[in-house]
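> Give me coordinates for this.
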Amino acid sequence: MSSELRLKKLRGSGGYIMASVTDEQQVKGNLGGPDLFLAPIGRLDAKLITKHFCNTCEKEFEGSPKIEFENPNEEVAENLILAEKGQYICNSCNASIAEYRDFKKQDEAGEVGSAKPLEPQIQSIPQENIAPQQVAEHTPHETVTQPGPVTSITSIEGKVIFDENANKVGTAKQVGIDSTQSMVLVITKEDGAEGSIPWNSIKKIGQVVLLGNPEKVDQSGKCPNCGFGNKEDSKFCEECGNKI
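Residues are numbered from 1 along each chain as shown. Alright, predicted model coming up:
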């Protein structure tokens, strides 16, 4: 495969960059459509980036955005470590243009095992220590977390998801917390819509994400309104009060 660099547009959730990449990196960034995505490629040398576009600013800028990263070395599955996570940040407004995650095997010859349960690790700053005009100036490591239906914790971006029958379900977007404070995998479905999968439904994480057999999961008490898992004989949801 050629190692020649070619200038390409690489998309992120908050914009895009123009960067010189190799054929191998283009393969990583191709998730099955006409566009190339930055998340599966990971961290690029800033010298290879010529421009970046921010959706928040609605403007294209010359040169590279800021690139911030850390190395958590977090075990997300048996024999699978989250080695690095980072993001490309607009120089003008500090909005995130793209995020990426780099996974490594502890044993390259071994198989990836069952997914590990993840505990929420949201870092927030006491409100009394932050003036309103200073909130936008904080780095990603000092973000004040706002409540919402899904709060991002970590992610396995770009991995294709298959069910137990080898049918493609969609593409992994990020790991988050749903309204019941349960861990979920947020996905982009085949039709382009966004959805979520309970973390305990993941059987294995490798080059793809493999789901377990849904027949083993008791859905009899699941609330059709909020998704809360109630007792089998419950007539009303313990979470929202909706009739089951």
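
> For residue 210, see how far away the spatially most central residue of the chain is.
The C-alpha lying nearest the average C-alpha coordinate of the chain belongs to residue 174 (Cα atoms, centre = their mean; 2.2 Å). When distance is defined by Cβ to Cβ, to the nearest Å, residue 174 is 18 Å away from residue 210. Where you see a C-beta, it was placed from the backbone N, CA and C, and this is true even at glycine.

> before we move on, what about residue 165?
The spacing between residue 165 and residue 210, counted by Cβ to Cβ, is 11 Å.

> Compare the two (neighbour count), which wins?
For residue 165 against residue 210, the residue with the higher neighbour count under other Cβ atoms under 10 Å is residue 210, and the figures read 17 against 7.

> what about that one, which SS state?
Assigned with DSSP: H, G, I helix; E, B strand; the rest coil, residue 210 falls in the strand class.

> Local confidence estimate at it?
On the pLDDT scale, residue 210 is placed at 82.

> Can you verify my assumption that it contacts residue 159?
No - between residue 210 and residue 159 no contact is recorded; they are 10.1 Å apart, counting by Cβ atoms under 8 Å.

> lowest-confidence helix or strand of the protein?
The weakest-scoring helix or strand in the chain, judged by mean pLDDT, DSSP states H and E, is strand 151-154 (a mean of 38).

> Go ahead and measure how far the helix or strand following that one is from the middle of the chain.
Elements were assigned by DSSP states H and E; along the chain past strand 151-154, the next helix or strand is strand 160-162. For strand 160-162, the distance between its averaged C-alpha position and the chain's averaged C-alpha position is 14 Å (Cα atoms, centre = their mean, to the nearest Å).

> Okay, domains of this protein per the record?
If the domains of the chain are taken from automatic domain parsing, they occupy 1-71+87-100, 147-239, with pieces of a single domain joined by a plus sign.

> least reliable of the ones you listed going by mean pLDDT?
The stretch with the lowest mean pLDDT among the domains of the chain is domain 147-239, at a mean of 70.

> partners of the helix or strand hosting residue 69 in the sheet?
For residue 69, the enclosing helix or strand under DSSP H and E is strand 66-70. Here the strand partners of strand 66-70, with direction, are listed using DSSP bridges: strand 80-89 (antiparallel).

> Distance from the strand it pairs with to the middle of the chain?
Distance of strand 80-89 from the chain centroid (Cα atoms, centre = their mean) equals 10 Å.

> buried residues in that strand?
By neighbour count on 16 or more other Cβ atoms under 10 Å, the buried set for strand 80-89 is 80, 81, 82, 84, 85, 86, 87, 88, 89.

> Please convert the residues you listed to TSV, extending it with distance to residue 62.
Converted to TSV, these look like this (distance: Cβ to Cβ, whole Å):
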residue	distance to residue 62
80	38
81	36
82	33
84	27
85	27
86	22
87	20
88	15
89	16
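
> List just the nearest of the residues you listed to residue 33.
Using Cβ to Cβ, residue 88 is the member of those that lies nearest residue 33, at 20.4 Å.

> Distance of that closest one relative to residue 44?
In this view, residue 88 and residue 44 are 9 Å apart by Cβ to Cβ.

> list residues touching both of those two?
Common neighbours of residue 88 and residue 44, using Cβ atoms under 8 Å, 6 or more residues apart in numbering, are 17, 38, 67.
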